[in-house]
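A.B. asks: need a structure here:
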Amino acid sequence: MLTGVETRTSSPICIKRGKDLQSINTGGLYPAGEGAGYAGGIWSAGIDGIKVAEALALDMLSKSQVD
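C.D. replies: Numbers count the residues shown, from 1 in each chain. Have a look, this model is predicted:
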C-alpha cells in the first residue's frame, strides 16, 4: 500500500532515515518533505518526494525479484 499525506505545516523535528531513505525506526516508512524535516519549500519538498519515490521503487523491485 502506498500512502502520501499532505499537511499545511512545517515540522520542527526530523524523522531520521537511513541510506535507503526508510525510517531507521520503522521499516517500510519513507519520511519525506517538509513534515518529515527534509525540505524547506515546495521545490525541495517535490525533489525529496522524487528521491523517496525512486528509493521505494527500487525496494519494491528488489523484493519482487526475490519472489
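A.B. asks: alpha carbons only for contacts and neighbour counts from here, please
C.D. replies: Will do.
A.B. asks: what about this structure, any weak spots by pLDDT?
C.D. replies: Low-confidence segments of the chain (pLDDT under 70): 1-2, 4-11, 67.
A.B. asks: just so I have it, where are all the helices in it?
C.D. replies: For the chain, the helices defined by DSSP state H cover 42-66.
A.B. asks: what about the nearest residue to Ala45 once chain neighbours are set aside, neighbour count?
C.D. replies: Using C-alpha to C-alpha, 6 or more residues apart in numbering and skipping residues adjacent in sequence, the residue nearest Ala45 is Gly33, 4.3 Å away. Gly33 has 24 neighbours, counted by other C-alpha atoms under 10 Å.
A.B. asks: What residues does Gly33 make contact with?
C.D. replies: Ala39, Gly40, Ser44, Ala45, Gly46, Asp48, Gly49 (C-alpha atoms under 8 Å, 6 or more residues apart in numbering).
A.B. asks: and with 10 Å instead?
C.D. replies: Shown in contact with Gly33 (C-alpha atoms under 10 Å, 6 or more residues apart in numbering): 6, 10-11, 14, 39-50, 52.
A.B. asks: again, but for Ser64
C.D. replies: Contact analysis of Ser64 by C-alpha under 10 Å, 6+ apart lists Leu58.
A.B. asks: separation between it and Gly28?
C.D. replies: Counting by C-alpha to C-alpha, to the nearest Å, the separation of Ser64 from Gly28 is 15 Å.
A.B. asks: can you check Gly49 too?
C.D. replies: Gly49 is 15 Å from Gly28, by C-alpha to C-alpha.
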